[in-house]
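In: here's my sequence, what's the structure:
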Amino acid sequence: MQYGENVTRSFEIRNEGLFEFKYAICDYNNEDEKNKIREERKKEAEDRLNGQKEEEVDPKLAAKGKKPDPKAAAPAKGGAKGKVEAVPDGQLI
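Out: Have a look, this model is predicted:
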């Protein structure tokens with residue numbers, strides 16, 4: 001390729017892992033664009049945290065003015081690699 005020529009190339013970003021992730025492509029030298037992305041990510045994280053706090057409260061208990069029992073065991077979660085059990089004090093084994 002000679003100086004002054006333009007060539008268009010394409011590529012694919014593919015996530016073949018176990019977890020979802022977000023990505024953003026921007027001009028590294030464009031501080032405004034990078035700050036905008038940072039603010040969007042920060043807002044999304046705050047929204048997720050606020051959503052989790054709301055999900056922790058059982059609506060049936062909240063309607064009766066009761067709080068969930070912190071010592072109650074959460075349902076066991078299992079996976080292909082093994083069994084995960086919740087014990088009353090909140091530790092996982």
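In: how about Gln2, secondary structure?
Out: coil (DSSP: H, G, I helix; E, B strand; the rest coil).
In: and it, how far is that from Lys42?
Out: Noted for Gln2: a distance of 44 Å to Lys42, by Cβ to Cβ, to the nearest Å. Every C-beta, even on glycine, is put in place using the N, C-alpha and C of the backbone.
In: more crowded one of the two?
Out: Neighbour count, other Cβ atoms under 10 Å: between Gln2 and Lys42, Lys42 has more, with 10 against 4.
In: part of a strand, is that one?
Out: No - counting by three-state DSSP, Lys42 is located in no strand; its state is helix.
In: could I get the pLDDT score of it?
Out: Note on Lys42: pLDDT of 93.
In: cool, and Ile13?
Out: In this model, Ile13 is scored at 89, pLDDT.
In: what is the neighbour count of it?
Out: 7.
In: that one and Tyr23 touch, don't they?
Out: Yes - between Ile13 and Tyr23 there is a contact under Cβ atoms under 8 Å: 6.5 Å.
In: now do the shared contacts for those two.
Out: In terms of Cβ atoms under 8 Å, 6 or more residues apart in numbering, Ile13 and Tyr23 are not both contacted by any residue.
In: how about the strands in this protein?
Out: Remark: strands assigned in the chain by DSSP state E are 77-79, 82-84.
In: those strands: lowest mean pLDDT?
Out: Mean pLDDT is lowest for strand 77-79 among the strands of the chain, at a mean of 47.
In: all helices in the protein, in order from the N-terminus.
Out: Under the criterion DSSP state H, the chain carries helices at the ranges 31-56, 59-63.
In: sketch out the low-pLDDT regions of this protein for me.
Out: Applying pLDDT under 70 to the chain picks out residues 53-93.
In: Lys43 and Asn6, how far apart?
Out: Distance from Lys43 to Asn6, by Cβ to Cβ: 36 Å.
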